[in-house]
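Asks: Sequence plus predicted model, see below.
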Amino acid sequence: MTNAVIETILSRRSTKYYDATATLSDEQIRELVRIGTTAPTSFHMQNWRFIAVRSAEAKARLSPIAWHQPAVTEAAVTFIVCGQLADSSVIPQRLAPVVEAGIMPERLIPDWEIPARDLYADYPQRQRDEAVRTGAIGATTMIYVARSWGLGSTPMIGFDADAVHKEFGLAENEIPVLLLSIGAERPGNWAQKPRRPISEILDFV
């Protein structure tokens with residue numbers, strides 16, 4: 001069974017070669033993030049932020065602290081995908097539009113906020129883990145949005161996290177989870193590489 005969504009997933013590949021002359025508009029970048037952030041987050045915290053590095057000046061600042069990877073300067077945009085430490089105190093604010101839309105009653109907000117507080121408040125590692133999960137899930141969604149638009153993408157963890165944090169003014173509660181370059185491809189990129197067989201990675205219990 002196949003459809004357009006599955007075809008998009010199966011045809012995605014990590015892009016090595018970008019058309020450095022191609023650009024994305026502000027509206028295209030906003031739409032990438034808007035659709036990407038429909039991805040799930042724990043307790044609807046939406047604990048992420050995206051820095052769109054797309055000017056020549058900003059790319060020049062990012063490149064040396066991202067190991068001079070060509071995608072940073074050649075792709076139309078490279079997002080610094082930031083996960084924010086899980087903080088249950090934001091939940092009432094984040095759920096307010098859900099209540100306004102008539103999806104959930106306001107009386108249920110404590111049923112979300114209290115267990116989230118119990119889960120994260122005294123557990124710094126859980127807070128950090130959730131920041132990484134949130135950023136990674138959002139970035140993955142953006143990767144498939146880009147592919148559906150005929151664009152390439154390159155997720156990267158090769159960068160100096162402390163330097164990125166300082167150079168781009170991340171908040172104390174923000175972690176640079178990964179870099180995500182997106183742009184028009186040029187010829188020469190490999191097809192998606194074969195994966196391990198299901199028999200090696202799936203167990204039924």
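Replies: Okay, I see it.

Asks: can you pull the buried residues of the longest helix belonging to the chain?
Replies: Using DSSP state H, we find that the single longest helix of the chain is helix 124-148. For helix 124-148, burial by neighbour count (16 or more other Cβ atoms under 10 Å) applies to 127-131, 133-148. Bear in mind the C-beta positions are built from the backbone N, C-alpha and C, glycine included.

Asks: which residues are contacting it?
Replies: Here helix 124-148 makes contact (Cβ atoms under 8 Å, 6 or more residues apart in numbering) with 4, 8-9, 11-12, 32-33, 35-42, 45-48, 50, 79, 81-87, 119-120, 152-153, 155, 174-175, 177-178, 180, 182.

Asks: now do stretch 1-16
Replies: Contacts for stretch 1-16 (Cβ under 8 Å, 6+ apart): 70-71, 75, 143-144, 147-148, 152-155, 181, 183, 185, 188-193.

Asks: Now go through those and say which are in strands.
Replies: Residues of the contacts of stretch 1-16 located in strands (DSSP state E): 152, 153, 154, 155, 181, 183.

Asks: between those, which is closest to residue 200?
Replies: residue 155 (23.4 Å; Cβ to Cβ).

Asks: and the gap between that closest one and residue 2?
Replies: According to Cβ to Cβ, to the nearest Å, residue 155 and residue 2 sit 25 Å apart.

Asks: Looking at those two, which has the bigger crowd around it?
Replies: residue 155 (19 against 7; other Cβ atoms under 10 Å).

Asks: I'd say the more buried one and residue 179 touch.
Replies: Yes. Residue 155 is within contact range of residue 179, at 7.3 Å (criterion: Cβ atoms under 8 Å).

Asks: got the buried residues for the helix or strand bottoming out on mean pLDDT in the chain?
Replies: One helix or strand of the chain scores below all others by mean pLDDT, DSSP states H and E: helix 4-11, with a mean of 95. Within helix 4-11, the residues that count as buried by 16+ other Cβ under 10 Å are residue 8.

Asks: what is the orientation angle of that helix with helix 124-148?
Replies: Angle, helix 4-11 to helix 124-148, by axes from the mean of the first three to the mean of the last three Cα atoms, to 10 degrees: 100 degrees.

Asks: From the chain's centroid, how far away is helix 4-11?
Replies: 19 Å (Cα atoms, centre = their mean, to the nearest Å).

Asks: what's the answer for stretch 168-175, then?
Replies: That offset, for stretch 168-175, works out to 15 Å (Cα atoms, centre = their mean).

Asks: Give me the most central residue, the protein.
Replies: The structure's the chain has its C-alpha centroid closest to residue 139; by Cα atoms, centre = their mean the separation is 2.1 Å.

Asks: and the gap between it and residue 169?
Replies: 20 Å.

Asks: quick one: residue 116 and residue 90 touch, right?
Replies: No. Judged on Cβ under 8 Å, residue 116 makes no contact with residue 90 at a distance of 9.4 Å.

Asks: Many thanks, I have nothing further to ask.
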